[in-house]
Every structure is written in structure tokens, then in C-alpha cells.
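Colleague: Build me a model from this:
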Amino acid sequence: MLEILTQKLSRVFDRLGGKGKLSEKDIDEALRQVRLALLEADVSFKVVGEFLSKVRERALPSEVLQSLTPAQQIIKIVNEELIDILGGEFSCLAQVTQAPAVALFVGLQGSGKTTTAVKLAVQLKRMGQRPLLVAADTRRPAAIEQLKMLGGRENIPVYSEDSEVAPVTICIHALEKAKETASTWLIVDTQGRLHVDEVMMAELADIKSVLQPSEVLLTVDAMTGQDAVRVAQEFHSRVGLTGLILTKMDGDARGGAALSIRFVTGVPIKFMGTGEKIDALEPFY
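Modeller: Numbering: from 1, shown residues only. Okay, here's the model as predicted:
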């Protein structure tokens, strides 16, 4: 992730470092190059503008320009501001005292919800937790069977019902099952839905109301670029996200979606998917 942006910024800073003392004009030229690098990395125009405004404000004071290493000072400022956008620290799953905790997976169809839900369940199981997967996607053909197959491979129980049963009802029954079996995490795979579909979003709000989840996790395909920002904003406004999971990060070297979504929504990125294998889910840092 961010390999292309890293390379471009490195070239900008190499040129900056060869100048010795810097003028305001030198800084503006460097920031213009940083702007181009960010836009080429698919960072949203609004984010780029606000980011550079902060960097310039910190870089122009005389103590920076007249320091012995002005270029290093500016590099440090850019680095700190990028880290600030992305969160700066690990953002773990919510710590809950009463089981079962609930993780509600939401997102567009094809964003990787089902496989990511299983990956998270596997991680929790390896940590000594007792996860129960819930097949609440009753509309996509074979969605229930896919979750049962993936969960079965990892010996993780899956709660499912007939596809004619309403997802809200399935979730109510699954919560009861989790309590009966002393499951510590209920991981709910929901139907992929467009954020502009009022009926589907209302259904999601109903599921959240019933389950009172500790985590509402939006899976986002990192390769969708700026569309991902709009999707994240709408889901957050409708159901209140607690975390983001960026999938298909192994296929995106730009990283602009991560910067943009985190900046625009303020929602922490908790994990990123880095491949198809069941253990290819990493905490985001």
C-alpha cells in the first residue's frame, strides 16, 4: 500500500534536500509536487487541499525556514500530517465486557464482506474467542452456502435459516443461539446493498437496532477509488460506522482511498485484506 505515493514523495524530498536553505517559493514548489503526487495516488481533491494547507501553515514559520535542516523539518511535517490522517495508532476491535459482542459487516455487493467476515472469525478463534458466523444475506444466490462452506473449513459454526426468512428475524434468532452456545462474538454477514437504496438501508438500520452491535464494519474495495469515499460517507450517515476494512489492498499500490476515507469520515481503518488466503487480514497501522 502507498508504494507509488512513497516513491513520488521521495523524489520531491530528494530535490528539496539538495537546496540547503529554503525560500517560501521553494516550499510552494515542493508542495505543488506533493499535491500532484497525492492526486495521482487517487486522494480526493478536498483532502489534498486541506492537507496541504496544514502543511504549509506549519512549514512557513521562520524557525523552520532558518533552521539548519529546513528540508528535513518539512519532510517531518508532511510525515506527521499523513500519519495524523491515517490515525497514528492501532485501532482494535471494541473491548466488550458482556458476551456475545456483535460485529455487523456492511458494504456494497462484491466488496468482500463474506470472506472478510470469515477471516475475522478465524483471527478471533486463534485468540481464544468463540465466534459464531451469521448468514444474513438471503438475497445473493449461494451466499448462505458460501459462508457455511468457508466457515466449515475452519471449524467455525455458522447460523443460517431458509432464504425466505427475513434477515432481521435471522439476526434475532442468531443472537439467541449465540447466548445458548456461549459464543463470545457474533459476526453477521449482511446483504450487499447500494447506499442509495432506501429500502435496503432501512433494513440495515433495523438489523442494527435489533443487534446493538459493538462494531459496524464497512468493507471497502480499495481499488474503487473515490467512489469508496462516497459509499463510506453514506453508510456512516445512515448506520454509524465504527470501523473500516479495506479489501484487495494487495491490488492497489496507490492508497488514495485509505487516506481519503479516513480523512472524510473520521472512522478508523481497523483491518486491511492483503490476499485471498484465510489469514490475509492484517490490523491496519
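Colleague: Pick out the residue closest to the middle of the chain.
Modeller: The centroid of the chain falls nearest to Leu244 when counting by C-alpha atoms, centre = their mean (2.8 Å).
Colleague: Can you tell me the element it falls in?
Modeller: strand 243-247 (DSSP states H and E).
Colleague: residue contacts, the residue nearest to the centre of the chain?
Modeller: Leu217, Leu218, Val220, Ala232, Ile261, Arg262, Thr265, Val267, Pro268, Ile269, Lys270 (C-beta atoms under 8 Å, 6 or more residues apart in numbering). Placement of C-beta: from N, CA and C, glycine included.
Colleague: Report the buried members of those.
Modeller: Buried members of the contacts of Leu244, scored by 16 or more other C-beta atoms under 10 Å, are Leu217, Leu218, Val220, Ala232, Ile261, Arg262, Thr265, Val267, Pro268, Ile269, Lys270.
Colleague: Widest-spaced pair of those?
Modeller: Leu217 and Arg262 (14.3 Å; C-beta to C-beta).
Colleague: Identify the residues contacting stretch 132-148?
Modeller: 100, 109, 113-114, 117-118, 121, 151, 156-161, 163-167, 170-171, 174, 177-178, 181, 183, 185-192, 207.
Colleague: So which of those are in strands?
Modeller: Among the contacts of stretch 132-148, the ones falling in strands (DSSP state E) are Val158, Tyr159, Trp185, Leu186, Ile187, Val188, Asp189, Thr190.
Colleague: Return the residues in contact with the fifth one.
Modeller: Going back to what we said before, that points to Ile187. Residues counted as contacts of Ile187 (C-beta under 8 Å, 6+ apart) are Val102, Ala103, Phe105, Ala117, Leu120, Ala121, Leu124, Pro131, Leu132, Leu133, Val134.
Colleague: swap the cut-off to 7 Å and go again
Modeller: Each residue near Ile187 by C-beta atoms under 7 Å, 6 or more residues apart in numbering is listed here: Ala103, Ala117, Leu120, Ala121, Pro131, Leu133, Val134.
Colleague: from those, which is closest to Ala71?
Modeller: When the contacts of Ile187 are compared against Ala71 (criterion: C-beta to C-beta), the nearest one is Leu120, at 42.4 Å.
Colleague: any idea which element Leu133 lies in?
Modeller: strand 131-136.
Colleague: mind listing what that strand pairs with, with the direction of each?
Modeller: strand 158-159 (parallel), strand 185-190 (parallel) (DSSP bridges).
Colleague: mean confidence for it?
Modeller: In this model, strand 131-136 has a mean pLDDT of 96.
Colleague: what do you get for stretch 28-36?
Modeller: On average, stretch 28-36 scores 88.
Colleague: In which helix or strand does Ala228 reside?
Modeller: helix 226-239.
Colleague: can you pull out the helices in the stretch 151-285 of the chain?
Modeller: In the stretch 151-285 of the chain, the segments counted as helices under DSSP state H, counting those that start in this stretch are 167-180, 198-211, 226-239, 256-265.
Colleague: Output those helices as TSV; include the columns mean pLDDT and distance to Ala30.
Modeller: Shown next, in TSV, are those (pLDDT from 0 to 100; distance: least, C-beta to C-beta, whole Å):
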stretch	mean pLDDT	distance to Ala30
helix 167-180	96	52
helix 198-211	91	44
helix 226-239	86	25
helix 256-265	82	19
